[in-house]
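Undergrad: here is my input; please provide its structure:
(one chain, ligands or ions: 3)
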Amino acid sequence: MAKKTIDQTEVAGKTVLMRVDFNVPLNEQNEITDDRRIRMALPSIRSVVDRGGRVILMSHLGRPTGGAGDEKFSLAPAATRLGELLGSPVHFASDTVGEDAHAKAAELKAGEVLVVENLRFNPGEKKGDAEFAGKLAAMADVYCNDAFGTCHREDASMVAVPQAMAGKPRVVGHLVAKEIQYLADAISNPARPFVAILGGAKVSDKINVINNLLGICDAILIGGAMAYTFSLAQGGQVGDSLVEKDKVDLAKELLAKSNGKLHLPVDTHCGDDFGNIAGCNKKVVPAGQIPDGMEGLDIGPETAKKYAEIIKDAKTVVWNGPMGVFEKPPMDAGTRAVAEAVADSDAISIIGGGDSAAAVEQLGFADRVSHVSTGGGASLAMLEGKAFTAVDLLDEA
Ligand SMILES: Nc1ncnc2c1ncn2[C@@H]1O[C@H](COP(=O)(O)OP(=O)(O)O)[C@@H](O)[C@H]1O
Ligand SMILES: O=C(OP(=O)(O)O)[C@H](O)COP(=O)(O)O
Ligand SMILES: [Mg+2]
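TA: Ligands and ions are numbered 1, 2, ... in the order given. You can find the predicted model right below:
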């Protein structure tokens, strides 16, 4: 059923608390390397600003642990970038529900925007804590969810906050409405062969979706760090590669029921210093033969060729997660080769995820795919047919 949108909501003189996904990729200098997630939130923000509403934006960024070094997860660079894109200054509060946020929210004038600091600096966010949610909810008259990349999460800002705002308008933003519509249409009756490509670093999250994808897709191509958990499951050597030991049994089960659908790398490009990829010792080895002291950083050239052959015949492709550490050449080669194969194919192609979107943009393929989605985990959840609690609880149109 269609959800009520921000455009259908009276906002003049009101404060709109908008959940966005400003979890943008940052480089080592803390500069935003891809601002797509901010740009894609502009229509909803402008919709409120242009009609004389006040906007309070909240988001997470990264996965802060509550320890030293968390400063690098500040949303301040995202707020600055938003101001540049809007062409007007944006206020920034150095806390989320503390004194600074309250003072700045109270001073906010019609047509102005306030970004509060990273939601995940508060332990209550991941826990879905009602007290934390209540403090956010009390700041506004309207709730808007425009955080497509986070719609598969049940964090406080996604679920407990709109629950605490029952009785007030709780609506979807442009981006969420548009992404859900596009993905639902593309995957409800996919042209076949239907190929899923899975990579990236969030192995423990994303390995869980493979079970359902085996029943939906014709081929699943594995790259990124997930490959090494499968290598371990096959008794291979993974050196210092990123692995999820407690997912090895699941990987074994998935291999046993794969029915030839699950495709694993045949070779791996590895290196001996993640912190200095350009300058370290590197070599291509057969999959499952990564020496001690080295770690897998990309799929090898034979794997890229094998995957390109499968992609060539695909009619639908959904891709989440880079094939390697694409930010650091030469470990961009696998992601580039797969992106090229997807761009050259005549398949409907959807590439989703904060980092995957950055990869296709930086490698120059964004204009040659059907849809670049702001959500990785979120688009996979849609592909699995999972419902989003964070959207279901919003008002019907
Ligand atoms: N072999 C690997 N080892 C470590 N990190 C990897 C490897 N392959 C890819 N990555 C990293 O995965 C990250 C993206 O993962 P993820 O967040 O799951 O994807 P997305 O944002 O597209 O959903 C990238 O920053 C990339 O450097
Ligand atoms: O970047 C995100 O997802 P993605 O890496 O799957 O695209 C979202 O902001 C969700 O972040 P989370 O996976 O830390 O909850
Ligand atoms: Mg990511």
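
Undergrad: could you find the closest non-adjacent residue to residue 108?
TA: residue 54 (4.5 Å; C-beta to C-beta, 6 or more residues apart in numbering). Placement of C-beta: from N, CA and C, glycine included.

Undergrad: so the one you found makes contact with residue 18?
TA: No. Checked against C-beta atoms under 8 Å, the pair residue 54 and residue 18 is beyond contact range at 10.5 Å.

Undergrad: for the stretch 251-397 of the chain, which residue gets nearest to ligand 2?
TA: Here the stretch 251-397 of the chain gets closest to ligand 2 at one residue, residue 376, 2.8 Å apart by C-beta to the nearest ligand atom.

Undergrad: what's the burial count for that residue?
TA: Here the count is done by other C-beta atoms under 10 Å, and residue 376 has 27 residues near it.

Undergrad: give me the phi and psi for it.
TA: phi -100, psi -70 (degrees, to the nearest 10).

Undergrad: so how far is residue 267 from it?
TA: Distance, residue 376 to residue 267, using C-beta to C-beta, to the nearest Å: 25 Å.

Undergrad: before we move on, what about residue 258?
TA: On the measure of C-beta to C-beta, residue 258 and residue 267 end up 20 Å apart.

Undergrad: so what's the residue count around residue 131?
TA: 11.

Undergrad: now do the SS call for it.
TA: For residue 131, the assignment made with DSSP: H, G, I helix; E, B strand; the rest coil gives helix.

Undergrad: please apply the same query to residue 192.
TA: coil.

Undergrad: surely it is in contact with residue 316?
TA: Yes. In this structure, residue 192 is within contact of residue 316 by C-beta under 8 Å, at 7.0 Å.

Undergrad: so which bits of stretch 282-289 are buried?
TA: 282, 285, 287-288 (16 or more other C-beta atoms under 10 Å).

Undergrad: stretch 257-273 now?
TA: Quick answer for stretch 257-273 (16+ other C-beta under 10 Å): 261-272.

Undergrad: what of stretch 307-326?
TA: So for stretch 307-326, counting by 16+ other C-beta under 10 Å, buried means 307-308, 310-311, 314-326.

Undergrad: then stretch 16-34?
TA: Buried residues in stretch 16-34 (16+ other C-beta under 10 Å): 16-26, 32, 34.

Undergrad: and ligand 2, is that stretch touching that?
TA: Yes. Using C-beta under 6 Å from any ligand atom, stretch 16-34 comes into contact with ligand 2 via 21, 23.

Undergrad: mind jotting down where the helices sit in the stretch 101-250 of the chain?
TA: Taking DSSP state H, counting those that start in this stretch, the helices of the stretch 101-250 of the chain run over residues 123-127, 130-137, 160-164, 174-188, 203-206, 210-214, 226-233, 248-256.

Undergrad: and stretch 62-69, C-alpha only, in PDB?
TA: Extracted in PDB, the C-alpha atoms of stretch 62-69 (Å, rounded to 0.1, in the frame of the first residue of the first chain):
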ATOM      1  CA  GLY A  62      30.100   4.300  10.100                       C
ATOM      2  CA  ARG A  63      30.100   2.000  13.100                       C
ATOM      3  CA  PRO A  64      31.600   3.900  16.000                       C
ATOM      4  CA  THR A  65      32.600   1.700  19.000                       C
ATOM      5  CA  GLY A  66      32.500   4.200  21.800                       C
ATOM      6  CA  GLY A  67      36.300   4.200  22.100                       C
ATOM      7  CA  ALA A  68      39.200   6.300  21.000                       C
ATOM      8  CA  GLY A  69      39.200   7.400  17.300                       C
END
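
Undergrad: now find how far off-centre that stretch is within its chain.
TA: The chain centroid and the centroid of stretch 62-69 are separated by 18 Å under C-alpha atoms, centre = their mean, to the nearest Å.

Undergrad: residues contacting that stretch, please?
TA: 23, 70, 72-73, 118, 120-121, 123 (C-beta atoms under 8 Å, 6 or more residues apart in numbering).

Undergrad: now do stretch 226-242
TA: Under C-beta under 8 Å, 6+ apart, the answer for stretch 226-242 is 198-201, 203, 206-207, 222, 225, 243-245, 247-249, 251-252, 254-255, 264-265, 268, 270, 287-296, 299, 321.

Undergrad: could you chop the protein up by domain?
TA: 6-177, 189-383 (automatic domain parsing).

Undergrad: redo these as a markdown table? Include distance to residue 391 and mean pLDDT.
TA: Conversion of the domains of the chain to a markdown table gives the following (distance: least, C-beta to C-beta, whole Å; pLDDT from 0 to 100):
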| stretch | distance to residue 391 | mean pLDDT |
| --- | --- | --- |
| domain 6-177 | 6 | 97 |
| domain 189-383 | 10 | 97 |
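
Undergrad: to residue 389, which of these lies closest?
TA: Each of the domains of the chain was scored for nearness to residue 389 using C-beta to C-beta, and the closest is domain 6-177 (5.6 Å).
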